[in-house]
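Participant: just to be clear, the model below is a prediction. Sequence and coordinates:
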Amino acid sequence: AQSVTQLGSHVSVSEGALVLLRCNYSSSVPPYLFWYVQYPNQGLQLLLKYTSAATLVKGINGFEAEFKKSETSFHLTKPSAHMSDAAEYFCAVSERGGGADGLTFGKGTHLIIQP
Amino acid sequence: EAGVTQFPSHSVIEKGQTVTLRCDPISGHDNLYWYRRVMGKEIKFLLHFVKESKQDESGMPNNRFLAERTGGTYSTLKVQPAELEDSGVYFCASSYAGIEAFFGQGTRLTVV
């Protein structure tokens, strides 16, 4: 069975500081991994996904994530936080493919940006 | 191009009533998914349509929930009768050939 753990329900960083959102997963087969973002009053938007190609995945809005098999991690980073990054972020895993088939989500992390 | 559209955006109903949620996928997307987030919990998979057929409904919580996708276009999710624990945000997503999925804004259902 697959599962996702996101460390920290809330993460607060200063504007311009490094953003690091942690995600650990478990999967019985090579996984597909995703980060989604939900801005207030909007739907889920795909930030980036790992589908067994390059281990360092670049996404939209300057975010990137690195797949580390030995650590079963897929942490999300951004070098410099912007006020517009304030949102809720979800890590997800699937054993079935790169779409939305059978996604298992983490509980989400609220990213708070301090001016 | 229109994205995934969900109706209504909010719904407040009394326990025991019936509610029908609708999802209009992106035109041409054969895959349609329903997910749900109960307050304070993870977003959880409910079911998956490929065109008008249910590919996987393993996440449907019980027989009070009925999903349809007649004609392989829009989908409805009916809850009858609604219970308090059904409150949450219901998301719909669609994809073409299982490639990148696009999510709608969700329907916030409150059962009182």
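Facilitator: Great, that's in hand.
Participant: OK, contacts around the closest residue to chain A within chain B?
Facilitator: Residue nearest to chain A within chain B: B:Ala101 (3.3 Å; Cβ to the nearest Cβ). Every residue, glycine included, has its C-beta placed from N, CA and C. B:Ala101 makes contacts with A:46, A:99-100, B:31, B:33, B:93-95, as judged by Cβ atoms under 8 Å, 6 or more residues apart in numbering or on different chains.
Participant: now, those residues that are in strands?
Facilitator: A:46, B:31, B:33, B:93-95 (DSSP state E).
Participant: for B:Gly71, phi and psi?
Facilitator: phi 80, psi 0 (degrees, to the nearest 10).
Participant: isn't it right up against B:Glu52?
Facilitator: Yes. Counting by Cβ atoms under 8 Å, B:Gly71 does reach B:Glu52; the two are 6.3 Å apart.
Participant: who's more crowded, these two?
Facilitator: Ranked by neighbour count (other Cβ atoms under 10 Å in any protein chain shown), B:Gly71 and B:Glu52 place B:Glu52 first, with 14 against 8.
Participant: from the rest of the structure, what touches stretch B:50-66?
Facilitator: When contacts are defined by Cβ under 8 Å, 6+ apart, stretch B:50-66 is touched by residues A:101-102, B:30-31, B:44-49, B:67, B:69-72, B:77-83, B:86.
Participant: PyMOL command to pick out the buried ones of those residues?
Facilitator: Here is the PyMOL command that selects the buried residues among the contacts of stretch B:50-66 (16 or more other Cβ atoms under 10 Å in any protein chain shown):
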select buried, (chain A and resi 101+102) or (chain B and resi 30+31+44+45+46+47+48+49+67+69+77+79+82+86)
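Participant: which of the contacts of stretch B:50-66 fall in strands?
Facilitator: B:31, B:44-49, B:67, B:77-79.
Participant: as a markdown table, the contacts of B:Ala101 with distance to A:Ser9 and pLDDT would be great.
Facilitator: Below are those laid out as a markdown table (distance: Cβ to Cβ, whole Å; pLDDT from 0 to 100):
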| residue | distance to A:Ser9 | pLDDT |
| --- | --- | --- |
| A:Leu46 | 21 | 92 |
| A:Gly99 | 27 | 70 |
| A:Ala100 | 23 | 71 |
| B:Asn31 | 31 | 92 |
| B:Tyr33 | 25 | 95 |
| B:Ala93 | 24 | 94 |
| B:Ser94 | 29 | 93 |
| B:Ser95 | 29 | 90 |
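Participant: and the furthest pair within these?
Facilitator: Farthest apart among these by Cβ to Cβ are A:Leu46 and B:Asn31. That separation is 14.6 Å.
Participant: report the central residue of chain A.
Facilitator: A:Trp35 (3.3 Å; Cα atoms, centre = their mean).
Participant: what is the burial count for the closest residue to that residue other than its chain neighbours?
Facilitator: The shortest distance from A:Trp35 to any residue other than its chain neighbours is 4.3 Å, reached at A:Leu47 (Cβ to Cβ, 6 or more residues apart in numbering or on different chains). As a burial measure, A:Leu47 scores 22 neighbours (other Cβ under 10 Å).
Participant: residues in contact with whatever residue of chain A ends up closest to chain B?
Facilitator: Relative to chain B, the nearest point of chain A is A:Ala100 (3.3 Å; Cβ to the nearest Cβ). Shown in contact with A:Ala100 (Cβ under 8 Å, 6+ apart): B:31, B:33, B:35, B:93, B:95, B:101, B:103.
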